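**Q** this one's structure only:
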Ligand SMILES: *[C@@H]1O[C@H](CO)[C@@H](O)[C@H](O)[C@H]1NC(C)=O
Ligand SMILES: *[C@@H]1O[C@H](CO)[C@@H](O)[C@H](O)[C@H]1NC(C)=O
């Protein structure tokens, strides 16, 4: 009887945990050419159609951000040149599309512009100056291009993207922000004790 109740409480705990997990802000699903219903649109193609945000693993280099064109499996990323991948590709998904926004910023003002904002981390550069990459976009030759923001650099935060087999970079771009409810960002004043 004792082991039975342990099993039951185990099931209840598991179920509660599961319910909690469904309310994450955003997540990455496997991408094999089919865009999931909850994928977050980012950027557009030459016709103005929606594209999506892809995360690509490049062996020895890290995780990079590229543009997913529906119907195609290959994603090009700017990764010390252009790398093309059609395996181990992830797509950004969410149940809270309205909580995302794009913030205009530049290579020198990035760190000030994003104070108290949650810039979505989408990758990691493991080469040279190692660090986390944010998700960015810029309008280039009629395409709203998706790529990565090298935000780990101090004062030289470039946006990198792949275009026609070339790695391009921009000094003015937009970065993807996730707006959590206000209470969730740490407010320094919370820690002041008044008696
Ligand atoms: C993309 O846009 C073109 C032109 O507006 C349209 O004809 C076409 O159906 C669209 N394709 C998709 C996959 O939505
Ligand atoms: C989405 O944004 C609203 C308004 O700021 C906020 O109240 C809500 O908690 C946010 N939801 C999530 C899941 O972050």
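**A** Cool, the structure landed. None of the values given here were measured: they were computed from a predicted structure. Ligands and ions are numbered 1, 2, ... in the order given.

**Q** make it CA atoms for all contacts and neighbour counts henceforth
**A** Will do.

**Q** residue numbers of this structure in contact with ligand 2?
**A** Residues of the chain found near ligand 2, taking Cα under 6 Å from any ligand atom as the criterion, are 25, 99, 179-181.

**Q** can you lay out those as TSV showing secondary structure, pLDDT and distance to residue 48?
**A** Listed next are the residues of the chain next to ligand 2 as TSV, based on DSSP: H, G, I helix; E, B strand; the rest coil; pLDDT from 0 to 100; distance: Cα to Cα, whole Å:
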residue	secondary structure	pLDDT	distance to residue 48
25	coil	93	27
99	helix	96	22
179	coil	93	26
180	coil	84	29
181	coil	69	31
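
**Q** of those, which is the most crowded?
**A** When these are compared by neighbour count (other Cα atoms under 10 Å), residue 179 ends up highest, at 18 neighbours.

**Q** how near is the most centrally placed residue in the chain to ligand 2?
**A** Nearest to the centroid of the C-alpha atoms of the chain, with distances taken as Cα atoms, centre = their mean, sits residue 122, at 3.5 Å. Noted for residue 122: a distance of 17 Å to ligand 2, by Cα to the nearest ligand atom, to the nearest Å.

**Q** what of residue 55?
**A** The gap separating residue 55 from ligand 2 is 22 Å, by Cα to the nearest ligand atom.

**Q** model confidence score at that residue, please.
**A** At residue 55, the model reports a pLDDT of 98.

**Q** list the strands paired with the host helix or strand of it, with their directions.
**A** Taking DSSP states H and E as the definition, residue 55 sits inside strand 50-58. The sheet places strand 50-58 alongside strand 41-44 (antiparallel), strand 62-68 (antiparallel), strand 89-94 (antiparallel), with pairing taken from DSSP bridges.

**Q** please name whichever of the ones you listed is nearest to residue 148.
**A** Distance to residue 148, taken as Cα to Cα, is lowest for strand 62-68 among these, at 5.3 Å.

**Q** what does the helix or strand that the closest one is followed by contact?
**A** Counting by DSSP H and E, the next helix or strand C-terminal to strand 62-68 is strand 75-78. With contact meaning Cα atoms under 8 Å, 6 or more residues apart in numbering, strand 75-78 is reached by 54, 56, 64-69, 82-86, 89, 147, 160-162, 166-168.
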